[in-house]
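Novice: here is my input, please return the structure:
(2 chains, ligands or ions: 1)
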Amino acid sequence: MTDFPRTPPRFSATFTPAVNAEIRRAAASGIYDIRGGGAKRPLPHFDDLLFLGASISRYPLEGYREKCATDVWLGTRFAKKPIHIEIPITIAGMSFGALSGPAKEALGRGATAAGTSTTTGDGGMTEEERGHSRLLVYQVLPSRYGMNPDDLRRADAIEIVVGQGAKPGGGGMLLGQKISDRVAEMRNLPKGIDQRSACRHPDWTGPDDLEIKILELREITDWEKPVYVKVGGARPYYDTALSVKAGADVVVLDGMQGGTAATQEVFIEHVGQPTLACIPQAVQALRDLGMHRKVQLIVSGGIRSGADVAKALALGADAVAIGTAALVAIGDNDPRWEEEYRRLGTTADAYDDWHEGRDPAGITTQDPELAARLDPVLAGRRLANFLKVMTLEAQTIARACGKSHLHNLEPEDLVALTVEAAAMARVPLAGTDWIPGRGSGGY
Amino acid sequence: MQSYDLAEGSLRALNQALHDLKGLTNMTDWEVLNPRGAHAIAAGLDAPVTVHVRGSTGYYCAGMNKQATVHIHGSAGPGVAENMMSGTVIVEGDASQYAGATGRGGLLVIKGNASSRCGISMKGIDIVVHGNIGHMSAFMAQSGNLVVLGDAGEALGDSLYEARIFVRGSVKSLGADCIEKEMRPEHLALLEELLRRGLADHKARPEEFRRYGSARRLYNFSIDNASSY
Ligand SMILES: Cc1cc2nc3c(=O)[nH]c(=O)nc-3n(C[C@H](O)[C@H](O)[C@H](O)COP(=O)(O)O)c2cc1C
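Specialist: Next comes the predicted model:
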């Protein structure tokens, strides 16, 4: 017998070990995979854009001498009391229920120290966050858990949530492990049930109703509060245009990388458009209506650094919102808990079974012992530090591009590294004047 | 009685005047003339006052009401008394969709019929409808009581939590996880009280109703129930 060389084992690019593992998991359990976080697959993103910086035709600003302002007004269209944030980075809505009380307090403390706003979530307003947030945005969600006119009036702005980037068209879920007595009481639900929140609002459908809903909320709050409309990255051009038509002061646009507390994996990975693709469509809608900068645009979904902030602003956003990055800043997925992550069958930076409520870092849990691990004062300081670093980074880039305000960044400052990113962001491919989709030869 | 004519003044001025009553004790009787289907009339009140609306209203009349009594002498558009916290809202005519949606307290009385999604997502409000209600009523209703003297449309009480539903007439169909339940003495007593408060004790007796509630089979996910979701 001749000893022929054997073919080495070959894995399928279609049926990868991960794919097969999911098939086996589904076959054994009969239920889809649920997890927290945003899309984990690689997507065209801000990393695929670069700033050009100054040159002979554009001169830079002196790093430590010349001013580069960062503040933003939100709600200048209709609200009697628009809000003023010192940095263009806000904390996105994350529910008490999904997050622990100390985690919500930490977000409020951090945002306040950095001069920006934080946001409630599906589950109502807690004293922790109202007390520790100078500027608090109150979400009006389909579930209306905890909704009441007193909280509306003590909020600084109101955000009507139509959708989230992680799951445009989906409702929420909070599984039994996290429905503690307090969460159950705030939501008026039996303890320990698997709670599903509706995907549509109970008392309006479509843009014409939304306009009337906004009118009602303004009447209840005597037209004081800015009214935001939050949409997932589904049809950003039309969703932005319709929000403007319905009377929004601010549009919050959340791309598919945006995090969630708990949703089906299939939803997170397969529905919605990448954040990068969403922004230019929304900005186009605002420009077409003559409302760019009059109705402010807040973008979220995968914002991690000052570079991301600068790029989102250069594409036309007025501000950004962060969820996941804020959680990481206060201690989520920290390697210091590695041993415990291992016991949960995962590892630091990959832990996403937030719905199970066993977060070693004490953030995505309602277990009092775990929650007590998070020191809200220290965590708040870490968040404030992170927000300051992001702002300094964005300013560094803006000065290098010669801008005296972050809002002066523009698409003209950007090039793309890939054809996909060039097409989505509508900026030229590096080294060319080619913007795919714009015909040949640029503009 | 303070009278406010919406044919002459603005909605904003009306609601501001009503909001300004918070903490005051005089001027407790108001009437609103010529509502002509305007939206958000008397929304966001928080004072023990009575407002008579002489005509029909648009969306969200008495939305998020606290303490006040709002009496609509006409029909009400969608979302009447949505998210009401306390107080009383009475509709002499019919009510459109989502009447009493997400209401957390207080009493909503509809003397005519209510359209679809009456009491959707209700969280503690009591609703008494003298006529019929439309489809998908009490969808995901969490707590509170819905009393219907007439008939109920399709998918009553779909995905119900702990709200109680009492219907005197026929029910076209029950939604997922909603079942008929035994009417025990405490329910008859509760119903008697609700009929009295709902200005319907002369129209119906508790014994004529059937009670519906949650089977609680969907409270925790089970793959065997997947087709119900
Ligand atoms: C733990 C967690 C809970 C969330 N809860 C809510 C919520 O209650 N309402 C909402 O509109 N969005 C919610 N979101 C989405 C965020 O508001 C935001 O859109 C998203 O996190 C932004 O993307 P990023 O995480 O990549 O920064 C949640 C996100 C996370 C991570």
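Novice: so where is chain A shaky, pLDDT-wise?
Specialist: Scanning chain A for pLDDT under 70 picks out A:1, A:439-443.
Novice: show me which residues of the stretch 301-443 of chain A sit near the ligand.
Specialist: Contact residues of the stretch 301-443 of chain A with respect to the ligand, defined by C-beta under 6 Å from any ligand atom, are listed as A:301, A:302, A:303, A:322, A:323, A:324, A:325, A:364. No exception for glycine: its C-beta is placed from N, CA and C like everyone else's.
Novice: show me these that map onto strands.
Specialist: Judged by DSSP state E, the subset of these located in strands is residue A:322.
Novice: find the nearest non-adjacent residue to the closest residue to chain B within the stretch 301-443 of chain A, please.
Specialist: Proximity to chain B, evaluated over the stretch 301-443 of chain A using C-beta to the nearest C-beta, is greatest for residue A:355 at 11.2 Å. When the adjacent residues along the chain are set aside, residue A:355 lies closest to residue A:262, with 3.5 Å between them (C-beta to C-beta, 6 or more residues apart in numbering or on different chains).
Novice: quick check, the one you found in contact with residue A:36.
Specialist: Yes - taking contact to mean C-beta atoms under 8 Å, the distance of 5.4 Å between residue A:262 and residue A:36 places them in contact.
Novice: count residues in the vicinity of the residue of the stretch 301-443 of chain A closest to chain B, would you?
Specialist: Residue neighbour count, defined by other C-beta atoms under 10 Å in any protein chain shown, stands at 22 for residue A:355.
Novice: gap between residue B:87 and residue B:72?
Specialist: Separation of residue B:87 from residue B:72 (C-beta to C-beta, to the nearest Å): 13 Å.
Novice: what does residue A:49 give?
Specialist: Using C-beta to C-beta, residue A:49 is found at 56 Å from residue B:72.
Novice: ok, now residue A:435?
Specialist: 57 Å.
Novice: look at the two and report which has more neighbours.
Specialist: More neighbours surround residue B:72 than the other of residue A:435 and residue B:72, with 30 against 20 (other C-beta under 10 Å).
Novice: got the contact list for the more buried one?
Specialist: Taking C-beta atoms under 8 Å, 6 or more residues apart in numbering or on different chains as the contact definition, residue B:72 lies against B:53, B:56, B:57, B:61, B:62, B:80, B:89, B:90, B:91, B:92, B:93.
Novice: a markdown table please, covering those and showing secondary structure and distance to residue A:219.
Specialist: Formatted as a markdown table, the entries for the contacts of residue B:72 read as follows, by DSSP: H, G, I helix; E, B strand; the rest coil; distance: C-beta to C-beta, whole Å:
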| residue | secondary structure | distance to residue A:219 |
| --- | --- | --- |
| B:53 | strand | 15 |
| B:56 | coil | 18 |
| B:57 | strand | 13 |
| B:61 | coil | 11 |
| B:62 | coil | 11 |
| B:80 | coil | 15 |
| B:89 | strand | 16 |
| B:90 | strand | 21 |
| B:91 | strand | 19 |
| B:92 | coil | 23 |
| B:93 | coil | 22 |
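Novice: what helices and strands are in contact with the longest helix that chain B contains?
Specialist: Criterion DSSP state H: the longest helix present in chain B is helix B:185-197. Other helices and strands packing on helix B:185-197, by 3 or more C-beta pairs under 8 Å, 6 or more residues apart in numbering or on different chains; DSSP states H and E, are strand B:123-129, strand B:143-148, strand B:164-167.
Novice: next structured bit after that helix?
Specialist: Following the chain from helix B:185-197 toward its C-terminal end, the next helix or strand by DSSP states H and E is strand B:210-214.
Novice: which residue ranges form the strands in the stretch 201-350 of chain A?
Specialist: Listed from the start of the chain, the stretch 201-350 of chain A has strands (DSSP state E, counting those that start in this stretch) covering A:227-232, A:250-254, A:263-264, A:296-300, A:319-322.
Novice: between those, which one is closest to chain B.
Specialist: Shortest separation from chain B across those is recorded for strand A:263-264, at 11.7 Å, computed as C-beta to the nearest C-beta.
Novice: and the closest one, how far from the chain's centre?
Specialist: 16 Å (C-alpha atoms, centre = their mean, to the nearest Å).
Novice: what does it rub up against?
Specialist: A:32, A:33, A:34, A:35, A:36, A:166, A:167, A:170, A:172, A:173.
Novice: can we see that at 7 Å?
Specialist: Strand A:263-264 is contacted from outside by A:32, A:33, A:34, A:166, A:167, A:170, A:173, using C-beta atoms under 7 Å, 6 or more residues apart in numbering or on different chains.
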